[in-house]
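1. need a 3D model of the sequence below.
(chains A and B)
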Amino acid sequence: MPIIINLDVMLAKRKMKSNDLAKRIGITTANLSILKTGKAKAIRFSTLEAICQELDCQPGDILEFVEE
Amino acid sequence: MRIIRPIALVFYYCSTLFSWFYLLSAGYTALVILLKHGLAETAAVPMRIIATAAKSRFEILIPFTDHPIFLGHYTIWGMIEIPLAMSLYGIFFYLLGQIFNAFRQEKLFTPQAIKALMRFARANVLLPPAFLFFLYLHTDYLVEGGEILVTGLHFLLAVFAFFQAAIFKEGFSLQQEQDLTI
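-> Alright, predicted model coming up:
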């Protein structure tokens, strides 16, 4: 998929674990894993907003477009 | 779905009950016919053969009573016809029960539900005409409007089930997308 979610980078920068982020934004660890591994078909604005809030970043820091 | 699930539960158990009734009746009828022809004439088998000037017919009696429950023409194919027809209706109600069972589940649009609908559709398209053809070939009475009408009704049911399966396939695809929307 051309849109990549770079969550691992931001998690490392903020020294946060995936489980903690999942708990804070109110999604399951499994769903966060689906997001990280690129298996998600779509992301809700509310989820993106929650992630940016917790990781103190911009959507562009997490979302990246890579041509296939 | 709150109303659908209890209704589906009732119809699932009814269909399963009917299925068992038809399959057990088919087994009972077949067993009685085999015993009648395998054992001595004096053996107490719950089956009566009534010979008339025109043609003979047989009656299968309710166990331990003198009351007939099934009757048919006393020919080889006439004796095969009844257990066969009952087996087919046993299969029909079993497959119908599987569809109602799908409506009881937590998730409605599943591959199992789609398979159940397709199996029901295929059975209703293939089996009734095959049985009608069997009747036409092997029995010595005319296949009447009633049998053709029932075959037509089964075909309509098959079409309906096929359309439902197409809707379910679409629903499953949308559900998967929804599940992968985080």
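2. quick one, helices of chain B?
-> Assignment of helices within chain B using DSSP state H yields the ranges B:4-38, B:76-102, B:111-138, B:145-179.
3. out of these, which is closest to chain A?
-> The closest of these to chain A is helix B:145-179. By Cβ to the nearest Cβ, the value is 5.0 Å. Glycine gets a C-beta too; all of them are placed from N, C-alpha and C.
4. what helices or strands is the worst-scoring helix or strand of chain B on mean pLDDT leaning on?
-> For chain B, counting by mean pLDDT, DSSP states H and E, strand B:47-51 ranks last in confidence among helices and strands (a mean of 74). If contacts are counted by 3 or more Cβ pairs under 8 Å, 6 or more residues apart in numbering or on different chains; DSSP states H and E, strand B:47-51 sits against helix B:4-38, strand B:56-61.
5. what angle separates that strand from helix B:4-38?
-> Orientation note: strand B:47-51 sits at an angle of 60 degrees relative to helix B:4-38 (axes from the mean of the first three to the mean of the last three Cα atoms, to 10 degrees).
6. what's next to strand B:47-51, contact-wise?
-> The contact list for strand B:47-51 (Cβ atoms under 8 Å, 6 or more residues apart in numbering or on different chains) reads B:32-33, B:35-36, B:56-61, B:68, B:74.
7. most neighbours among these, which one is it?
-> For the contacts of strand B:47-51, the largest number of neighbours (other Cβ atoms under 10 Å in any protein chain shown) sits with B:I60, at 25 neighbours.
8. quick one: contacts for it?
-> Applying Cβ under 8 Å, 6+ apart, the residues near B:I60 are B:28-29, B:32-33, B:46-47, B:68-71, B:82.
9. which strand residues bridge it?
-> Per DSSP bridges, residues listed as beta-bridge partners of B:I60: B:M47, B:F70.
10. mean neighbour count, the helices of chain B: which tops it?
-> helix B:76-102 (a mean of 19; mean count of other Cβ atoms under 10 Å in any protein chain shown).
11. excluding sequence neighbours, find me the nearest residue to B:I80.
-> Ranked by Cβ to Cβ, 6 or more residues apart in numbering or on different chains and with sequence neighbours excluded, the top spatial neighbour of B:I80 is B:H138, at 7.8 Å.
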